[in-house]
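A.B. asks: What shape does this take:
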Amino acid sequence: MLGRALLPEDAAPGAPAVALVGYDLWRSRFDADSGLVGRVVRVDGVPRTIIGVMPPRFGFPVRSEIWLPLEVDLNAPPTAGGGRLKVFGRLREGVSPDQAQVELAGIANRLAQTYPQTHEGLSVRVFPFVETEMAPNTPAILYLMLGIVSFTLLIACANVANLLLARAAGRTREVAIRTALGAGRARIVRQHLAESLVLAAIGGLLGLGLAQVGVRYFAVSTANIIDAFWIDFRVDGAVLLFATGLVATGGLLAGILPGLRATSADVAEILKDTSGGTTGLRIGRLARALVVVEVALATGLLIMTMTFTKTAVALRAVPLPFPSRQIFTGQLGVQQETLASAAARARVAADLSARLEAIPGVTGAALVSVLPGRGAGSWTFTLDAPPTTGTPVGPTTGLALVTPGFFTLLGAGLLRGRALEWQDGPNTPPVAVVNTSWVRRFSPDRDPVGRRVWFGEQALEIVGVVPDLQMQDPEDRAGDGVYASLLQVRPYVVRVMLNTAGDPLALTASVRRVVEAVDPDLPLFEVATLREAIYSDKKVLEAFGSLFLLVGVGALFLTMVGLYGVVSFAVRQRAREIGVRMALGAAPRDVVTLVLGQGASLVGIGTAVGLFIAFGLSHALAAVIEFVQPAGFLTYLAIAGVLVATAVAGLLYPVIRALALQPMTALRLD
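C.D. replies: Got it, this is the predicted structure:
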């Protein structure tokens, strides 16, 4: 928008330090100064000249606000332990991802042959850019959501169709008289469709209002996770067009059947029927079939909803082996020069840890490369011998770099050997401790203390064993892993952890002051409690779980209404029969059995069909989404119990109504 973009010469060694800034940063930090280009600012402690301002709504790759040239000496040979880079590319016209995969795999093979010490085993995977911010199974979850709400729409259509059938049955003589007076079938069907479409339009407008609320809820719930500048949750023109199509389709589905049924009865027979009843239009089988369909769809829907919701709830219920709500966490923007120098890194870590522990209310402090419960990755290693050329790819384990106060902060007692100490510095042999899951997996029949592990060229001597401290994500309860000293092994990221006596976030200002005192160019960001940090990227799952549960409850309510409508209509149609039975001595329990029996059979058939459908859907769901487990027996039993309870609630009023009928009143209904 202002100035110029980055040029290749900006990345050349020795080139002047420059930077691009984003639109939002330009407005918030620099007051939209049109003369900003040419000014010098400090970025990571380095003075840089601002050369341009990017336009609004640009934050590539996710939500960046400052862009620096990547300074790489293309003539320098690769070195072990070098920095990591993410590679982006745009496919040429007509080139498929598979073709790109083959080409890049060839490049990787040539690199491995040219630089075996650093590139052996190098692999390449080509994947869509959106997967950098959205998990590969996200589309599957979105399609699942579409399927679930489609089930609900079908239930609603069946419900409305049943109610319109009952209404059409009550208007049988009216339709017959209009037909006798010359009204065509098409005109009467159009009237039924018009009534149905009006109901659908009202429901559609209410639905759009609910959609606005739901989309806003989802956007707020996932704001800290899915915040890529290119992802925007809103109800736009495409959604409105789709909603209009749903309204029209729903109105037609719900209205066409009652309209056709109302005009299919024998006019002469209806007009000869002097009872004034509704015997001219028999809708019993059709209405009951629709209720069975409703119950079956609701059963399948509830099983899927319960399967997904149970997974979301189960993650929150995982017992963490430390007081996660009492622990303060934040990320530090440590400069690369400090990270690369072992002496500088150790000096900053010791100074910062001592100052943090001196803050009132802090009972322990540690610096870590990855927070417990956030996934320590899968690092290839060899045991007891260094890797050699031609050695098969070794096993993998989690790896976390920590300062000595880490285990005390989490309240973890040493199980064997010794813990990491401040004396384990840059000038002493690198050491590590392992957790019990690592021992169980890699050294079950031998004391691990004294053994050596190699991560590439980095050798570590195992000096102790500690309990499992949630090395991986919550869904991996027993993640094996290795803890090495952050003073001896370079981390890519540094995070701070504090154990507190009160509200952890109340210490944010104090922590910022301490960090600034150690290094004015050291930013602190992503501040949260440890529990919030662990479950931050699970909020998408929780948001989906809440929406699924809401839709499932709505479908259950619709099913109850549909069952009530059909049975209530049947009681009204059979009022005379019930009166005769009562006049002939039928007991109240006989009437109750009559009414409940009709409803129970519908629920039983629908539930059986629905459970069969749900079994297939549950296993298909588990196959598509890796963290979802198929529904178990207890889930099926619980859903069946919920449906029975719902059926009882739906049949309660018709039963009361049937019991309230007086025999003489029922016999005079004609």
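A.B. asks: Now do the SS call for the residue nearest the centre of the chain.
C.D. replies: By CA atoms, centre = their mean, the mean C-alpha position of the chain lies nearest to residue 541, the distance being 2.5 Å. Put simply, residue 541 is helix when judged by DSSP: H, G, I helix; E, B strand; the rest coil.
A.B. asks: separation between the closest residue to it other than its chain neighbours and residue 233?
C.D. replies: Distances taken as CB to CB, 6 or more residues apart in numbering place residue 312 nearest to residue 541, at 4.9 Å, with adjacent residues excluded. In this view, the C-beta of every residue, glycine as well, is placed from N, C-alpha and C. As for residue 312, its distance to residue 233 is 19 Å (criterion: CB to CB, to the nearest Å).
A.B. asks: shaky segments in the stretch 151-300 of the chain?
C.D. replies: 168-173, 175, 182, 224-226, 261-284 (pLDDT under 70).
A.B. asks: So which residues of it form helices?
C.D. replies: 172-180, 185-221, 237-262, 267-272, 284-316 (DSSP state H, counting those that start in this stretch).
A.B. asks: and of those helices, who's closest to residue 121?
C.D. replies: Smallest distance to residue 121 across the helices of the stretch 151-300 of the chain (CB to CB): 33.4 Å, for helix 284-316.
A.B. asks: Please compute how far whichever helix or strand comes after that closest one lies from its chain's middle.
C.D. replies: Where DSSP states H and E defines the elements, the next helix or strand beyond helix 284-316 is strand 327-332. Centroid separation for strand 327-332 versus its chain: 24 Å, with CA atoms, centre = their mean, to the nearest Å.
A.B. asks: average pLDDT across strand 327-332?
C.D. replies: The average of the pLDDT scores along strand 327-332 is 95.
A.B. asks: Please tell me I have it right and the residue nearest to residue 541 contacts residue 545.
C.D. replies: Yes - Residue 312 is within contact range of residue 545, at 3.4 Å (criterion: CB atoms under 8 Å).
A.B. asks: Just give me the neighbour total for residue 31.
C.D. replies: Look at residue 31: counted by other CB atoms under 10 Å, it has 8 neighbours.
A.B. asks: What pLDDT is listed against it?
C.D. replies: 92.
A.B. asks: Who are the contact partners of it?
C.D. replies: By CB atoms under 8 Å, 6 or more residues apart in numbering, the contact list for residue 31 is empty.
A.B. asks: Need the phi and psi values for it.
C.D. replies: Main-chain torsions, residue 31, degrees, to the nearest 10: phi 50, psi 40.
A.B. asks: And residue 401, by the same measure?
C.D. replies: phi -100, psi 130.
A.B. asks: next one: residue 50
C.D. replies: phi -80, psi 120.
A.B. asks: swap in the one 10 residues further on?
C.D. replies: The phi and psi torsions at residue 60 (degrees, to the nearest 10) take the values phi -50, psi 140.
A.B. asks: re earlier: separation between the residue nearest to the centre of the chain and residue 322?
C.D. replies: Distance from residue 541 to residue 322, counting by CB to CB: 22 Å.
A.B. asks: Then residue 494?
C.D. replies: 20 Å.
A.B. asks: For stretch 62-76, buried residues please.
C.D. replies: Residues 64, 65, 67, 68, 69 are the ones in stretch 62-76 that count as buried (16 or more other CB atoms under 10 Å).
A.B. asks: what would the residues you listed look like in TSV with distance to residue 630, secondary structure and pLDDT?
C.D. replies: As requested, those are exported to TSV (distance: CB to CB, whole Å; DSSP: H, G, I helix; E, B strand; the rest coil; pLDDT from 0 to 100):
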residue	distance to residue 630	secondary structure	pLDDT
64	41	coil	91
65	44	coil	93
67	46	strand	96
68	48	coil	95
69	51	coil	94
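A.B. asks: what's the farthest-apart pair in the residues you listed?
C.D. replies: 65 and 69 (16.0 Å).
A.B. asks: follow-up on the earlier one: any idea how far the residue nearest to the centre of the chain is from residue 2?
C.D. replies: 41 Å.
A.B. asks: ok, now residue 174?
C.D. replies: 73 Å.
A.B. asks: tell me the contacts of the closest residue to residue 351 other than its chain neighbours?
C.D. replies: In space, and not counting its chain neighbours, residue 351 is closest to residue 518: 5.6 Å by CB to CB, 6+ apart. Taking CB under 8 Å, 6+ apart as the criterion, residue 518 is in contact with 348, 351, 352, 355.
A.B. asks: Which one of those residues sits in the busiest neighbourhood?
C.D. replies: residue 352 (24 neighbours).
A.B. asks: quick check, it in a strand?
C.D. replies: No - read with three-state DSSP, residue 352 is helix and lies in no strand.
A.B. asks: what's the neighbour count on residue 603?
C.D. replies: Applying other CB under 10 Å, I find that residue 603 has 26 neighbouring residues.
A.B. asks: Which helix or strand contains it?
C.D. replies: Assigned by DSSP H and E, residue 603 falls in helix 588-624.
A.B. asks: repeat for residue 637
C.D. replies: Going by DSSP H and E, residue 637 is part of helix 633-660.
A.B. asks: just checking, what packs against that helix?
C.D. replies: helix 284-316, helix 539-573, helix 588-624 (3 or more CB pairs under 8 Å, 6 or more residues apart in numbering; DSSP states H and E).
A.B. asks: Let me see the contact set for the nearest residue to residue 421 once chain neighbours are set aside.
C.D. replies: Sequence neighbours aside, residue 404 is the residue nearest to residue 421 in space, at 5.4 Å (criterion: CB to CB, 6+ apart). Shown in contact with residue 404 (CB under 8 Å, 6+ apart): 366, 419, 420, 421, 422, 424, 485.
A.B. asks: Pick out the most distant pair among those residues.
C.D. replies: 366 and 424 (14.2 Å).
A.B. asks: quick one: which of the two has more around it?
C.D. replies: Set side by side, residue 366 and residue 424 show more neighbours around residue 366, with 24 against 21, by other CB under 10 Å.
A.B. asks: how close does the more buried one get to residue 457?
C.D. replies: Taking CB to CB, one finds residue 366 at 27 Å from residue 457.
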